[in-house]
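Peer 1: how would this look folded up:
(chains A and B)
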Amino acid sequence: MQELIARAKELLADGTVARVLGWKAGDLPYNPEAAYFETAESLDEFVYNGFCGQNLSKMMIEASKLEGKTLVCLKPCDTYSFNQLIKEHRVDREKAYIIGVGCKGKLDVEKIRKMGIKGIQGISGAELTDDCEELHISTIYGDKTVAYKDAMLERCHVCKGKEHMIYDEIIGESKDTKDADRFAEVERIEKMKPEERFAFFQKELSKCIRCNACRNACPACSCRKCVFDSTKFDSAQKANVDSFEEKMFHIIRAFHVAGRCTDCGECSRVCPQGIPLHLFNRKFIKDIDTFYGEYQAGADAESKGPLTSFTFDDVEPGVVAERG
Amino acid sequence: MSIEAKEEFRPKIVAFCCNWCSYAGADLAGSSRLSYPADVKIIRVPCSCRVNPMFILRAFEKGADGVIMCGCHPGDCHYTTGNYYARRRMTLLFSMLDFIGVENGRTRVEWVSAAEGVKFSQTMNEFVEKIYSLGKNVRLEDLRCRN
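Peer 2: Residues are numbered from 1 along each chain as shown, chains lettered A, B, ... in the order given. Got it, this is the predicted structure:
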């Protein structure tokens, strides 16, 4: 991290970049927040550790409108989103100086809490320079040690790889943390009976409070005007009053990012209710892979997306009913 | 004396028909005196590609028991490629509806040309029969919209 700060200071000093987009410490040890740094002194507050899960690509949409270059810290999986945003002409590559920061898996404080660890005062072992095998947590009830893997975000168990897709320079080492099958959960649900699937989603989606956090965090949800903000639309910006609205919101939101979703997992990470929203996106990705050939959104900035292209002999929609 | 006579189930079915082929096909079915159930309500759209996934969900919200989309045969689109895009979209949407547990028989896509009045009436008869067997749509309806 010191290396990163030193380099950022250097780039600020020689005028290559006008500001740095990174993280600073939040009010608790496990919630660093995204922040702009415009001076060398302010960079002393810069923080980068295992809890910096936020995908900063989306913030580059606004930063592209500012004067001068912005130095942005992107983790390997964030670079997919950045590529996708370039493809959609939402960010300006020329306005960004991308430092590919290393990543050894990001942490989920909810998982730590679920282990019964409460009253967290400090966490160590989550710095990039650590080997990220064990976490030492000091709580008001004493010190605890947990395996780093057990506290990782769901998305890090299906890591897309440690390679940055786009960068100007790379600082820090990355680790491929993949240890599960990406589509395992989707396949498990597909095998259930329709009524079981319905009950499962009814239960999950009924938790939704329509806070719009998933939409606001999603790098693919970058429309200037969102359909869910339209006052002509019944469920605009309000809590669901009917189970239909929950389903409609989540189906439509997932559909709007289908073929563009890089599976960065931000939606599930930010959901205050813990709804596994990535399941919808994964289902679309799985379908796209089976019907139209494997496609990873954001792997490059040129290829056509699966829903903006076609072939003459695509499968017919009837395939869904035939599949049973 | 029974106060509530048990009402017979009459499905509400929405058919999105493209202006250039399927709507003309429905017209031909009519002028050829072929019959199809009155439960089908046709909505004319400029092209099958005009059908936004939201339209389908909206139809279900408002109480439709089945939604069918008809368009020109692939390759015959009036706008050259519209139905190819529509085909991909609907495949994904139907798969998602199936995934969340909505019966997959409630949605269907059929390509009907302006010369296929017979196919139009047959398709509608089949689809309505299917919806009768599935019964009322309870998994995707807005209770407030129930009349």
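Peer 1: show me where the stretch 1-150 of chain A has helices.
Peer 2: A:2-13, A:59-63, A:76-87, A:109-114 (DSSP state H, counting those that start in this stretch).
Peer 1: and those: which comes nearest A:Ile189?
Peer 2: helix A:109-114 (21.3 Å; C-beta to C-beta). The way it works is simple: take the backbone N, C-alpha and C, and place the C-beta from them, glycine included.
Peer 1: which of the helices of the stretch 1-150 of chain A sits most buried?
Peer 2: For the helices of the stretch 1-150 of chain A, average neighbour numbers computed from mean count of other C-beta atoms under 10 Å in any protein chain shown are highest in helix A:76-87, which has a mean of 25.
Peer 1: the residue nearest to A:Lys95 when sequence neighbours are not counted: what's it in contact with?
Peer 2: Counting by C-beta to C-beta, 6 or more residues apart in numbering or on different chains, A:Lys95 lies nearest to A:Ser64, which is 4.7 Å off, once chain neighbours are set aside. A:Ser64 makes contacts with A:70, A:90-92, A:95-96, as judged by C-beta atoms under 8 Å, 6 or more residues apart in numbering or on different chains.
Peer 1: for A:Ser222, see how far away the nearest residue to A:Glu38 once chain neighbours are set aside is.
Peer 2: Distances taken as C-beta to C-beta, 6+ apart place A:Arg19 nearest to A:Glu38, at 4.9 Å, with adjacent residues excluded. Distance of A:Arg19 to A:Ser222, computed by C-beta to C-beta, to the nearest Å: 20 Å.
Peer 1: next one: B:Lys12
Peer 2: Distance of B:Lys12 to A:Ser222, given as C-beta to C-beta: 37 Å.
Peer 1: just B:Lys41 next, same as before
Peer 2: 37 Å.
Peer 1: next, the buried residues of the helix or strand containing B:Ala29.
Peer 2: Element membership of B:Ala29, judged by DSSP states H and E, is helix B:22-31. Within helix B:22-31, the residues scored as buried using 16 or more other C-beta atoms under 10 Å in any protein chain shown are B:22-26, B:28-29.
Peer 1: for stretch A:216-224, same thing?
Peer 2: In stretch A:216-224, counting by 16+ other C-beta under 10 Å, buried: A:217-222.
Peer 1: closest one of those to B:Ser48?
Peer 2: A:Ala220 (25.3 Å).
Peer 1: phi, psi for the closest one please.
Peer 2: In terms of degrees, to the nearest 10, the main-chain angles of A:Ala220 are phi -80, psi -30.
Peer 1: ok, it - contacts?
Peer 2: Counting by C-beta under 8 Å, 6+ apart, the residues that A:Ala220 touches are A:81, A:84, A:256-257, A:260-262, A:297.
Peer 1: excluding chain neighbours, what is closest to it?
Peer 2: A:Val257 (4.0 Å).
Peer 1: that neighbour contacts A:Cys221, doesn't it?
Peer 2: Yes: with contact defined as C-beta atoms under 8 Å, A:Val257 and A:Cys221 form a contacting pair (6.4 Å).
Peer 1: mind picking the two most distant members of the contacts of A:Ala220?
Peer 2: A:Ser81 and A:His256 (15.2 Å).
Peer 1: could you measure from the nearest residue to A:Cys261 once chain neighbours are set aside over to A:Leu107?
Peer 2: Spatial nearest neighbour of A:Cys261, chain neighbours left out: A:Asn281 (4.5 Å); criterion: C-beta to C-beta, 6+ apart. Using C-beta to C-beta, A:Asn281 is found at 21 Å from A:Leu107.
Peer 1: the residue nearest the centre of chain B: what's it in contact with?
Peer 2: Central residue of chain B (C-alpha atoms, centre = their mean): B:Ile68, 1.8 Å from the mean position. With contacts defined as C-beta under 8 Å, 6+ apart, B:Ile68 is in contact with B:13-16, B:40, B:107-110, B:123-124, B:127.
Peer 1: so which of the helices of the stretch 1-150 of chain A is nearest A:Pro29?
Peer 2: helix A:109-114 (9.2 Å).
Peer 1: just the residues contacting that closest one, thanks.
Peer 2: Against helix A:109-114 from outside (C-beta under 8 Å, 6+ apart): A:30-31, A:51, A:120, A:135, A:137, A:146, A:150-153, A:274.
Peer 1: closest to A:Ser57 out of the residues you listed?
Peer 2: A:Leu153 (16.8 Å).
Peer 1: list the contacts of the closest residue to the closest one other than its chain neighbours.
Peer 2: Spatial nearest neighbour of A:Leu153, excluding adjacent residues (C-beta to C-beta, 6+ apart): A:Asp108 at 4.5 Å. Shown in contact with A:Asp108 (C-beta under 8 Å, 6+ apart): A:53, A:151-154, A:269.
Peer 1: okay, now the unreliable bits of the stretch 101-250 of chain A?
Peer 2: Residues of the stretch 101-250 of chain A meeting the criterion pLDDT under 70: A:234-240.
Peer 1: name the SS class of the closest residue to A:Gly305 other than its chain neighbours, please.
Peer 2: Counting by C-beta to C-beta, 6+ apart, A:Gly259 is the residue found nearest to A:Gly305 once chain neighbours are left out, at 4.3 Å. Three-state call for A:Gly259 (DSSP: H, G, I helix; E, B strand; the rest coil): coil.
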